[in-house]
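# Quick one: sequence plus predicted model below, questions after.
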Amino acid sequence: MARIKLCFLWHMHQPFYRDLVSGEYRLPWARLHALKDYYGMVQILEEFPGIRQTFNLVPSLLLQIGEYAAGEAKDRFHEVAFKEAELLSDEEKEFLLSFSFRANEQRVIQRFPRFAELWERVRHDGRISGRVVNAFTTQMIRDLQVFSQLAWFDEEYLANDPVIRALKEKGRDFTHADLQMLESKERELLGKVLGAYSKAAARGQIEISTSPFSHPILPLLCDSNIADVAHPYIALPAQFAYPSDASAQMAEAKNYLQNTLGSAVHGLWPPEGAVSDEVLARTAEAGFRWTASGESVLRQTLGRDLVAEDKYRTYLWENGGENGGENGGENGGENGGRKIHVLFRDRRLCDLIGVVYARMDAEEAADHFVGELHKACDGMLQLGQDATIPIILDGENAWEHYLENGRPFLRALYRRIMADTKLEAFTISEALEGTTPVRLQRIFPGSWIDGNFDIWIGAEEDNKAWELLLKARRRYDENTSATAENRALAWQELMIAEGSDWCWWYGPEHPADSRGEFDSLFRNHLANVHRLLGEVVPAELGTSLLKPGEPQNRAPTGMIQPVIDGKQSSHAEWTNAGRYRATHTSGPMHSQRPPIQEFLYGSDGQNLFLWLGQGESKQRFDSIDLNIQLRNSAAEQFSIRVCRGARGIAVSSPLAEGSVQAALQDAFEIRISLAALRTKPGGPLFIRVEVWNEGLPIGSLPGYGELELKQTAMAAYTF
């Protein structure tokens with residue numbers, strides 16, 4: 001009987017946060033995600049012996065977890081969190097306040113009433129200031145220390161560990177002894193992470209794959225000019241071409257994984273699914289049997305729109321094969337030097353887990369996903385063909401947006417997979433056995449994101465970063481006078497600087513508060529290369545590469561009085577409106593494009609006006625509905641539903657008739673009476689817009705929490 005071979009690959013990755021010269025960890029995310037995600041994601045499989053999966057572990061992450069588990073990591077975030085509250089300086093208290101709330105407000109902060117209470121003390125202040133610090137008593141500071149760590153603990157510990165459960169139930173008024181117990185439990189949990197993967201691999205339930213050591217975009221490492229293929233005439237920096245670095249990063253990764261976890265490594269997830277012919281050749285030569293990319297790369301490789309028979313099968317890339325031709329005779333196959341199996345992730349199915357299901361009931365989401373798997377593959381199964389579906393996802397970032405870190409959803413999903421006679425969850429190597437792959441002679445150079453490399457190269461900030469990296473790389477080759485020890489450290493710093501994460505935050509795609517921290521880290525890694533070589537650090541490394549950008553939420557500059565017709569009737573209609581910029585990271589993961597890109601708002605003193613559109617793309621909203629959640633300063637909540645109907649736009653709301661008006665042509669244009677919302681003159685108003693498509697919640701503005709509509713002093717009810 002034909003079946004669906006479901007191949008989950010959970011990708012576990014963090015960039016390298018340690019300064020190799022000072023030894024200090026500049027950011028705590030490897031430690032915090034080790035507490036919250038890395039242990040629990042593999043440990044949960046003990047409950048479901050019929051579920052087999054692949055976990056992709058990046059060596060730069062494992063090295064950091066190992067140092068934390070061994071007590072060797074110097075982490076200021078950890079030190080401030082566990083220092084006696086009475087001994088914290090004002091500067092340390094400001095530091096604590098500045099990082100403790102960097103978590104999902106709805107799912108993490110609001111889960112703990114005392115944590116939410118402390119957040120309310122600071123949320124409306126534009127920045128952490130001395131005034132805010134002085135408002136926090138020693139007890140409040142200690143409670144915040146506890147929650148800055150406790151909120152990141154694995155669900156199993158929160159539910160079943162006596163110490164952690166007791167702290168959660170205590171809820172407030174913690175003592176320093178409580179804090180010490182929490183620190184001990186943190187060390188205990190960190191020490192279990194790597195062992196959990198080794199045990200799961202030893203019992204055959206998981207396959208461990210890897211990525212190049214520091215997670216670089218391999219095609220750009222081999223030749224940065226290749227970005228021009230997917231995006232002709234893109235502005236490019238001076239050519240960076242060090243293919244030997246790509247090979248070195250892969251070889252070092254494979255050796256590290258095998259030595260650290262004692263497990264054979266047959267697969268490599270190229271960072272961001274970024275591939276090219278040279279990358280596949282070098283991956284095969286490094287001894288890897290399989291790799292993967294995204295469906296946008298497959299579409300451009302085959303030169304046609306994809307059908308199920310294209311997406312849900314395996315491929316064999318090799319020199320001399322026939323591109324997209326008849327099935328070859330290679331069954332499983334060996335590397336043969338320059339051949340390698342390739343799978344391509346289904347973006348829509350992956351985005352359902354990564355983006356959509358966090359907003360749904362766990363059981364309903366699991367039912368929907370299994371239904372979508374069958375729907376996608378029914379045609380192949382009816383023809384007696386097996387379907388191989390790679391579900392390749394970040395294994396950590398999405399869960400913060402789920403109830404209880406996604407564990408109810410995963411349990412519901414795994415139960416259904418085990419009960420379904422047409423579904424079976426395999427490791428990728430298992431799924432390759434018995435398949436007859438389609439041969440590919442070439443592959444289109446691109447990543448899983450839009451089939452190009454635009455996230456990492458082409459923007460002014462990106463290109464400047466590549467040129468600084470090139471300068472340091474050349475100096476490493478030219479300067480041979482440093483000691484062997486210093487050259488070895490300089491080489492490690494170069495490998496770290498080649499990682500993908502730095503340019504992820506450069507350019508216009510991912511504006512966020514953390515951009516400054518990643519910019520500083522990148523420049524520091526490059527500065528260390530010059531220091532270790534005994535050279536003066538170039539002055540340009542002391543200056544941020546970030547260009548000043550438009551604020552994500554810009555206040556209105558005057559009153560507006562638009563006509564509610566769903567189109568911009570005149571240029572002046574929305575000129576004075578406030579603007580909120582939606583980004584690719586308005587939610588838990590990078591997506592092709594936010595469902596609403598342009599959000600304008602303003603007032604005439606009596607009404608709130610909203611414009612929700614797709615900006616210059618002019619995309620139609622044929623299947624989009626809106627659920628607008630509003631909250632006034634008295635915490636009264638109002639839910640307004642704007643739906644497409646047979647006779648046009650239909651509005652459902654608890655407000656008096658005539659209080660809401662809506663239209664849709666080029667965009668959603670909406671008027672809401674401020675008096676009906678009972679907002680105080682000049683008082684705050686908070687909004688959250690949920691976007692639905694064909695009955696599924698596909699996004700929201702903002703990605704989580706609420707947006708405060710900015711005030712001006714124009715009139716009694718203006719914003």
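Arrived safely. Residues are numbered from 1 along each chain as shown.
# can you give me the strands for the stretch 1-150 of the chain?
When assigned using DSSP state E, counting those that start in this stretch, the strands of the stretch 1-150 of the chain occupy the ranges 4-12, 24-25, 53-57, 74-75.
# hmm, who's touching the third one?
Applying CB atoms under 8 Å, 6 or more residues apart in numbering, the contact partners of strand 53-57 are 7-13, 41-42, 45, 197, 200, 205-211, 257, 261, 267, 269, 395, 425, 427-429. Every C-beta, even on glycine, is put in place using the N, C-alpha and C of the backbone.
# average pLDDT for it?
What strand 53-57 shows for mean pLDDT is 98.
# that older thread, filter the contacts of strand 53-57 down to the ones in helices?
41-42, 197, 200, 257, 261, 428-429 (DSSP state H).
# how about TSV for those residues, with pLDDT added?
Shown next, in TSV, are the ones in helices among the contacts of strand 53-57 (pLDDT from 0 to 100):
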residue	pLDDT
41	97
42	97
197	97
200	97
257	95
261	93
428	98
429	97
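# Check which residues of stretch 69-88 are buried.
Residues of stretch 69-88 classed as buried by neighbour count (16 or more other CB atoms under 10 Å): 69, 73, 75, 77-78, 80-83, 85, 88.
# Go through those and say which is closest to residue 602.
For the buried residues of stretch 69-88, the closest approach to residue 602 (CB to CB) belongs to residue 77, at 39.9 Å.
# residue contacts, that closest one?
Residue 77 sits next to 25, 27-28, 31, 99 when contact means CB under 8 Å, 6+ apart.
# if we go to 7 Å?
Residue 77 makes contact with 28, 99 under the criterion CB atoms under 7 Å, 6 or more residues apart in numbering.
# ok, it to residue 696 distance?
Applying CB to CB, to the nearest Å, the value for residue 77 to residue 696 is 37 Å.
# Now do residue 167: how many residues are near it, please.
22 (other CB atoms under 10 Å).
# and what of residue 272?
Residue 272: 24 surrounding residues under other CB under 10 Å.
# repeat for residue 657
Here the neighbour count serves as a burial measure; for residue 657 (other CB under 10 Å) it reads 6.
# try residue 686
For residue 686, the tally of surrounding residues (other CB under 10 Å) stands at 16.
# Report the beta-bridge partner residues of it.
The partner list for residue 686 in beta bridges (DSSP bridges) reads residue 631, residue 708.
# Surely residue 222 and residue 279 touch.
Yes: with contact taken as CB atoms under 7 Å, residue 222 and residue 279 are classed as touching, separated by 6.3 Å.
# anything in contact with each of these two?
With the criterion set as CB under 7 Å, 6+ apart, the overlap between the contacts of residue 222 and residue 279 is residue 246.
# between these two, who's got more neighbours?
Counted by other CB under 10 Å, residue 222 and residue 279 do not tie: residue 279 has more neighbours, with 29 against 25.
# distance of the more buried one from residue 268?
In terms of CB to CB, residue 279 sits 10 Å off from residue 268.
# One more: residue 628?
The spacing between residue 628 and residue 268, counted by CB to CB, is 45 Å.
# who's more crowded, these two?
Taking neighbours as other CB under 10 Å, residue 628 and residue 268 compare with residue 268 leading, 26 against 23.
# what's the pLDDT at the more buried one?
98.
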